[in-house]
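> Any chance you could fold what I've pasted below:
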Amino acid sequence: MRILLIQPGPSFSTQDVFNGLDYGLQAHGLMVMPYRLDQRITVAAKWLKAMWRVKHKRTKDLPKPTTADILYQASCDALNIALKFRVDAVVLVSATFFHPDVLVCMKRAGLKIYALFTESPYDEDKELAVAGMVDDGVPVVDGCWTTERLSMPRFKAVNTNVRYLRHAWHPERHSAYLPVREDVPSHDVVFVGSGFSERINFLNAIDWTGIDLGLYGTWKDLGLKKELRPCIQEGNVSNDFAAALYRKAKIGLNLYRHAFAAESLNPRAYELAACGAFSLSEYRAEVPERFEDLVPTFRTAPEAEALIRTWLDKPIDRAVASTALPMAVAKDSWVHRATTVLDDLLSMSGKQAELLEQSA
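Just a heads-up that it's a prediction; the model follows:
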């Protein structure tokens, strides 16, 4: 089976999902052709803007290239590649940065199109717009997945071929048995992520006196109280570095975004567990379902502070939980998820029925 796998556009966060799915599908022997949309967006932006500067000297009213122009230019070659290699499926990760006109052309060319929506419920309106695309009465997207189970009814309303796919961890990056990196600092508590307003307010509400907190990601000038600013390590963090931080920290903190109703685990939950990192998590329904009491949960900042201070004083109990956590997610790697994706692709495309008929 040949798959054209479309990278999301951004080179962080959703990129990790793309890398994981790519790894998992190849582990099953599939021919996967990655289409690096992020790199093509960069090249398209430079080329279009350079051409505009040249032409603008002669045509003063020539409009500047828009974001849509850049995304179209970056997306077009995917159609050529899909047709040249006669792929069985085009699978888009995230899909919201891929130009919809190219999807329509792919559909008219007879290609099967599927999308893994990774940002439910945060960017759900954009995702639903892609999932429900229609061209002359024909659905453009043949099937899709959402990583948030509460979003399933909304996706089913626009696309009958929708499945729920949980997040996962990468076997080569998230392991409790990788060598300890000397260049990675140890913290009492570590959090890797973006400084959304609800997270800023949450962290500001905790008294961090006597606790070594490491904050990695985008946090500067977003309103953290003065005492927390020395904790910041600004900039994008690779999955490898984040995993090393998790393994060396006493506590990995998992915060969710409050403004959206959601129940599903995020990638961080699986990655922490696979690394054997003891963690405390903001409550979501899937946390106790998956981990039972291995991952204590909180709903408020005072509850979080109390748990942090309690568990920092319980190194033996932390070690016991850390030993059990990798087994709790042993069947949640991207290799396992790729099995589900492959089964779903066969089912949604109708090929599963064909294979059953051939075997009979």
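
> for the stretch 151-300 of the chain, what spans make up the helices?
Read by DSSP state H, counting those that start in this stretch, the stretch 151-300 of the chain holds these helices, from start to end of the chain: 152-156, 197-204, 239-248, 267-274, 286-291.

> what packs against the first one?
Taking 3 or more C-beta pairs under 8 Å, 6 or more residues apart in numbering; DSSP states H and E as the contact definition, the neighbouring helices and strands of helix 152-156 are helix 124-131, strand 143-146, strand 162-164. (Each C-beta comes from the backbone N, C-alpha and C, glycine too.)

> and Tyr122, which of the helices of the stretch 151-300 of the chain is closest to it?
helix 197-204 (11.8 Å; C-beta to C-beta).

> helices and strands around that closest one, which ones?
Helix 197-204 is packed against helix 301-312, with contacts defined by 3+ C-beta pairs under 8 Å, 6+ apart.

> Just the CA atoms of the lengthiest helix in the chain, as CSV, please.
In the chain, ranked by residue count with DSSP state H as the criterion, the top helix is helix 37-56. Extracted as CSV, the C-alpha positions of helix 37-56 are listed here (Å, rounded to 0.1, in the frame of the first residue of the first chain):
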residue,chain,number,x,y,z
LEU,A,37,4.4,21.1,3.7
ASP,A,38,6.3,23.2,6.3
GLN,A,39,9.4,23.4,4.1
ARG,A,40,7.3,24.0,1.0
ILE,A,41,5.4,26.9,2.7
THR,A,42,8.8,28.5,3.5
VAL,A,43,10.0,28.2,0.0
ALA,A,44,6.7,29.3,-1.6
ALA,A,45,6.6,32.4,0.6
LYS,A,46,10.1,33.4,-0.3
TRP,A,47,9.6,32.8,-4.0
LEU,A,48,6.2,34.6,-4.3
LYS,A,49,7.4,37.6,-2.3
ALA,A,50,10.6,37.9,-4.3
MET,A,51,8.6,37.7,-7.6
TRP,A,52,6.2,40.3,-6.3
ARG,A,53,9.0,42.7,-5.4
VAL,A,54,10.3,42.4,-9.0
LYS,A,55,6.9,42.8,-10.7
HIS,A,56,5.8,45.6,-8.3
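
> and the angle from the next helix or strand after it to helix 37-56?
Scanning forward in sequence from helix 37-56 by DSSP states H and E, the next helix or strand is helix 67-75. Following axes from the mean of the first three to the mean of the last three C-alpha atoms, to 10 degrees, one obtains 120 degrees for the angle between helix 67-75 and helix 37-56.

> for the helix or strand following helix 67-75, which positions count as buried?
Taking DSSP H and E as the definition, the helix or strand that follows helix 67-75 towards the C-terminus is helix 77-84. Buried residues in helix 77-84, counting neighbours by 16 or more other C-beta atoms under 10 Å, are found at Ala78, Leu79, Ala82.

> which one of those sits closest to Gln233?
Distance ranking of these against Gln233, using C-beta to C-beta, places Ala78 first at 35.8 Å.

> Near the nearest residue to the closest one once chain neighbours are set aside, how many other residues are there?
Among residues not flanking Ala78 along the chain, Tyr35 sits closest, at 5.1 Å (C-beta to C-beta, 6 or more residues apart in numbering). Burial measure for Tyr35: 21 neighbouring residues, criterion other C-beta atoms under 10 Å.

> check contacts around Tyr35.
With contacts defined as C-beta atoms under 8 Å, 6 or more residues apart in numbering, Tyr35 is in contact with Leu4, Leu5, Ile6, Gln7, Asp77, Ala78, Ile81.

> Now with 7 Å, please.
For Tyr35, the contacting residues are Leu4, Leu5, Ile6, Gln7, Ala78, Ile81, by C-beta atoms under 7 Å, 6 or more residues apart in numbering.

> which residues in the stretch 151-300 of the chain form strands?
Taking DSSP state E, counting those that start in this stretch as the criterion, the stretch 151-300 of the chain carries its strands at 162-164, 189-194, 213-218, 232-234, 251-254, 279-282, 297-298.

> Tabulate those (TSV), appending distance to Pro100, mean neighbour count and mean pLDDT.
As requested, the strands of the stretch 151-300 of the chain are exported to TSV (distance: least, C-beta to C-beta, whole Å; neighbours: other C-beta atoms under 10 Å; pLDDT from 0 to 100):
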stretch	distance to Pro100	mean neighbour count	mean pLDDT
strand 162-164	18	20	97
strand 189-194	27	22	94
strand 213-218	29	21	94
strand 232-234	34	16	88
strand 251-254	34	25	98
strand 279-282	35	24	98
strand 297-298	39	18	98
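
> mind checking which of those strands is nearest Lys107?
Closest of the strands of the stretch 151-300 of the chain to Lys107 is strand 162-164, at 17.3 Å (criterion: C-beta to C-beta).

> what residue ranges in the stretch 201-350 of the chain score low on pLDDT?
Regions of the stretch 201-350 of the chain meeting the criterion pLDDT under 70 cover residues 259.

> hmm, try it at 80
Under the criterion pLDDT under 80, the flagged ranges of the stretch 201-350 of the chain are 258-260, 350.

> ok so, going back, among the helices of the stretch 151-300 of the chain, which is the most enclosed?
Comparing those by mean neighbour count (mean count of other C-beta atoms under 10 Å), helix 267-274 ranks first with a mean of 26.

> Distance from the chain centre to that helix, please.
12 Å (C-alpha atoms, centre = their mean, to the nearest Å).

> Same question for stretch 37-51.
On the basis of C-alpha atoms, centre = their mean, stretch 37-51 is displaced by 24 Å from the centre of the chain it belongs to.
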